[in-house]
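> Coordinates for the following, if possible.
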Amino acid sequence: MLDLIEKSIREIPDFPKPGIVFKDITPLLSDARLMKLTLEYLLKGVPDVKIDKVVGIESRGFFFATLLAEHLNAGFIPIRKPGKLPYKVHSEEYELEYGTDELNMHIDAIIPGENVLIHDDVLATGGTALAAAKLVEKSGGKVVQLNFLIELAFLNGREKIKNYDVFSLLKY
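Down below sits the predicted model:
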């Protein structure tokens, strides 16, 4: 069944820039049966502990993070780029290939001691995932797992987040 999920992910060469092969998950999202199957597999990878909140990383991480939250009877928290959240935020800067970027999360999104699952669509270099984990920890939350639909293993992102439990459904 994982083959069906993997075959639904379209590869777009040279997007968003030359040399990149973009993994487009929109065909998977347009098929209700495959979306449900993907969610079932993602849920099987979640540790058997109470999850209080599911964090979704902007923007494609939101799709399955909200579904995971519903099925885990947990709240959903969006982590966004600067200027996108209306209330006071914690910020975390992280390194890109050239320069830096930043992620924000509302300061009251997590109650200290809560167990948090972080979900994103792709684990690439690990910088975004590490920044999200640091935001959760700044708020007093415990990162239970970093959970991904796709891992681009050749980019070694898992190394940057090796101190956390990491689950990825598909590896390239």
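
> Correct me if wrong: Ser91 contacts Asp101.
No: assessed by CB atoms under 8 Å, Ser91 is found out of contact with Asp101, at 10.8 Å. Backbone N, C-alpha and C define where each C-beta goes, glycine included.

> From Ile79, how far out is the residue nearest the centre of the chain?
Nearest to the mean C-alpha position of the chain, by CA atoms, centre = their mean, lies Asp120 at 1.5 Å. Distance from Asp120 to Ile79, counting by CB to CB, to the nearest Å: 9 Å.

> Check Gly19 too.
Distance, Gly19 to Ile79, by CB to CB: 27 Å.

> okay, the two: which has more neighbours?
Shown here are Gly19 and Ile79; by other CB atoms under 10 Å, Ile79 has more neighbours (28 against 6).

> partners of that one in the sheet?
Per DSSP bridges, the residues bridged to Ile79 are Ile57.

> Contacts only, for it.
Neighbour list for Ile79: 55-58, 61, 103-105, 132, 135 [criterion: CB atoms under 8 Å, 6 or more residues apart in numbering].

> change it to 6 Å
55, 57, 103, 105, 132 (CB atoms under 6 Å, 6 or more residues apart in numbering).

> Which ones among the residues you listed lie within helices?
The members of the contacts of Ile79 that map onto helices under DSSP state H are Ala132.

> I'd like the contacts of Ile79 as JSON lines, with neighbour count, distance to Tyr87 and pLDDT appended.
Converted to JSON lines, the contacts of Ile79 look like this (neighbours: other CB atoms under 10 Å; distance: CB to CB, whole Å; pLDDT from 0 to 100):
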{"residue": "Val55", "neighbour count": "30", "distance to Tyr87": "16", "pLDDT": "98"}
{"residue": "Ile57", "neighbour count": "26", "distance to Tyr87": "18", "pLDDT": "98"}
{"residue": "Leu103", "neighbour count": "23", "distance to Tyr87": "15", "pLDDT": "98"}
{"residue": "Met105", "neighbour count": "26", "distance to Tyr87": "10", "pLDDT": "98"}
{"residue": "Ala132", "neighbour count": "28", "distance to Tyr87": "18", "pLDDT": "98"}
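
> for the nearest residue to Glu95 once chain neighbours are set aside, phi and psi?
Of all residues not flanking Glu95 in the chain, Gly127 sits nearest, at 5.6 Å (CB to CB, 6 or more residues apart in numbering). Torsion angles at Gly127 (phi, psi; degrees, to the nearest 10) stand at phi -60, psi -40.

> So Gly127 versus Tyr98, what's the distance?
In terms of CB to CB, Gly127 sits 12 Å off from Tyr98.
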